[in-house]
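> Quick one: sequence and predicted model below, then my questions.
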Amino acid sequence: MEITSFKQKLSSCEGVTEVSVIRDNVVKLNLGNKESKDFFIKLREDYGFEHCSLITAIDNQPEFELVYHFSAINGSVFVKNSPSAVMVEVHVFLERDTPTIESISDLWGGANWHEREAFDMMGIYFIGHPDLRRVLLPEGFAGHPLRKDYVYEIHEEEW
Amino acid sequence: MAEMWISMGPQHPMTHGLWTLKVKVDGETIVDADPELGYLHRSVEKMGERRKYFMNTTLTDRLCYASSTTWTHCYVNTVEELMKVEVPQRAKYIRTIMLELQRLASHLMWAGAYMPDLGHITGALYFWRDRELFLNLLEAPSGSRLLYNYIRIGGVKRDLPDGFEAKTERVMKLFEQRLDEYADLFENSKIFRMRTEDVGKFTASQAQNLGITGPNLRGCGTKFDLRKHDAYEIYDEVDWDIQTREAGPGYGDCFSRYMVRIDEMKESVRIIRDCFKKMPAGPTLASQIPVRAQGEAFRRTEDSRGEALMYVVGDGSDRPYRWKIKSPMFTTISACPHYLKGYKVADIPAIMGSIDICIGETDK
């Protein structure tokens, strides 16, 4: 499927808003939290995005933002006359009081630890994750240090 | 026989860095595994939020001690995308040469570390002897041997020194001869093949789903290399081919991962030669480099170990608001229960060594 027709198909999906092509091989879109799982299943099964590159959690104060990057390794979606592999950048916004979203680690095995890291650093809860523990920080660590309201115990020096 | 958990690490000859691999064994057979990370966590992402954009290149150098240029380049590439900086053509060529020299040094470091894992100490000495030659080449323009800080936002620190091309050509010629010698020593050696063939196998579809990228993915037949599939710098202008192993009885195992890396080194030599041939004259640093950035950008590059992706969000100030690093080894290690299960305890060094682990980038 060519990337422009892929973009049009995405626009008609439930919960998807503001679809745009930000580079010649990257499609960016916003997605509602409730519709996220159905959309991700579609992305994997129907459009052939086999690889979950990255899950980023951002503290936008007040709300959280999750950014998913997926790529089509086998070229089920492609750019005309170019070998570039197509990527999808999905933005999901979460409320500060309930930062929860459905886990996608059953769809992409590679998403497992990215979700654990987002939980570790930013305190996002992934519903249905098989093993949501801290991954980089030690067990028993209090708080989520990449949140903007995280308070350091040490004196902060201005560089 | 009763099953039990064995903890390998954080101090263990198999680990190549500080991490723990807990394996559940039934006699000699691995039933389950649970990798644990975080011993080397330095909170690079958080530190980066408090430093100015140009300061972070020193941090990215320290992400991976074996492959520091590729990580700095990934960061610089992302920030250039964010700030919309146009890099001079000559700087792109110099960057490509430096990246490929770094890939050679990194692959040689891996090969040298892999051989003692298999009990082949001579291999370590031979490969690390060759790595020194490439470190000398990396030292010539940058001034240091491990952490270069050579690639800067908008270009490179300085132009290549006089006689660099001749020096590089001499090293590459010697290196190619030695690779032919090593073919007899390793890939034609029965003992080496017995340790690596049909060990640690995974299929292409498994690897893609588990997020395994780079030489490990190409070792199981997938023709995917970001230097071609998301071309950056001038990789689309020079002649080179993606190195994979064809589907067959022994592909996707430790031996095919070894072969892919050896072939990639030959390909790197080809890229460097072509770069020297096509390199234009001109400036090596952009004249206008902004300090502040607004918006978001991501770039992915082919690191020596797989797909490196950085995502930077700027809020209009001179420091990144959020900086996320994707390390290829982070996901590859997370998948290790899948490719360890069913093999023997004695295979663990051979399997985990063939993955090319770097804990510096994994723990961030």
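That came through, no problem.

> alpha carbons only for contacts and neighbour counts from here, please
Fine.

> Helix, strand or coil: sort out the spatially most central residue of chain A for me.
Computing the C-alpha centroid of chain A and ranking residues by CA atoms, centre = their mean puts A:Y68 first, at 2.3 Å. A:Y68 carries the three-state label strand when classified by DSSP: H, G, I helix; E, B strand; the rest coil.

> I'd guessed it sits against A:I55; true?
Yes: taking contacts as CA atoms under 8 Å, A:Y68 lies within contact range of A:I55: 4.7 Å.

> Which positions in chain A make contact with chain B?
Residues of chain A found near chain B (CA under 8 Å from any CA of the partner chain) are A:50-54, A:56, A:58, A:73, A:83-85, A:108-114, A:135-138, A:145-146, A:159.

> repeat that with 6 Å
Within chain A, the residues that sit near chain B (CA under 6 Å from any CA of the partner chain) are A:50-51, A:83-85, A:108-110, A:136-137.

> Taking those together, which two end up most distant?
With CA to CA as the measure, no two of the residues of chain A next to chain B lie farther apart than A:P83 and A:L137, at 39.3 Å.

> And these two? Which one has more around it.
A:L137 (21 against 16; other CA atoms under 10 Å in any protein chain shown).

> and the more buried one, what pLDDT?
Listed pLDDT for A:L137 reads 88.

> The one 3 residues further on now?
The per-residue pLDDT reported for A:G140 equals 83.

> count of neighbours near it?
With other CA under 10 Å as criterion, A:G140 counts 7.

> Give me the three-state assignment for it.
Quick answer, by three-state DSSP: A:G140 is coil.

> Check the gap between it and A:D97 for me.
Distance of A:G140 to A:D97, computed by CA to CA, to the nearest Å: 22 Å.

> Same question for A:V86.
Taken as CA to CA, the span from A:V86 to A:D97 is 34 Å.

> Of those two, which one has the most company?
Using other CA under 10 Å as the criterion, A:V86 and A:D97 rank with A:V86 on top: 25 against 9.

> how about the helices in chain A?
Taking DSSP state H as the test, the helices found in chain A are A:3-11, A:36-45, A:111-122.

> Deepest-packed of those helices, please.
Ranked by mean neighbour count under mean count of other CA atoms under 10 Å in any protein chain shown, these are led by helix A:111-122, which reaches a mean of 24.

> can you list contacts of that helix?
Residues from elsewhere that reach helix A:111-122 (CA atoms under 6 Å, 6 or more residues apart in numbering or on different chains): A:55, A:57, A:105, A:124-125, A:132, A:134-135, A:144-147.

> repeat that with 8 Å
For helix A:111-122, contacts defined as CA atoms under 8 Å, 6 or more residues apart in numbering or on different chains pick out A:52-59, A:103-105, A:124-126, A:129, A:131-137, A:144-147, B:210-211, B:330-331, B:334.

> Next: stretch B:274-291.
By CA under 8 Å, 6+ apart, the surrounding residues in contact with stretch B:274-291 are B:53, B:83, B:85-91, B:93, B:96-97, B:153-159, B:165, B:238-239, B:318.

> repeat that with 6 Å
Contacts with stretch B:274-291, where a contact means CA under 6 Å, 6+ apart, come from B:87, B:90-91, B:154-156, B:318.

> gap between it and the chain center?
In this view, stretch B:274-291 has its centroid 24 Å away from the chain centroid, taken as CA atoms, centre = their mean, to the nearest Å.

> Sweet, I'm off.
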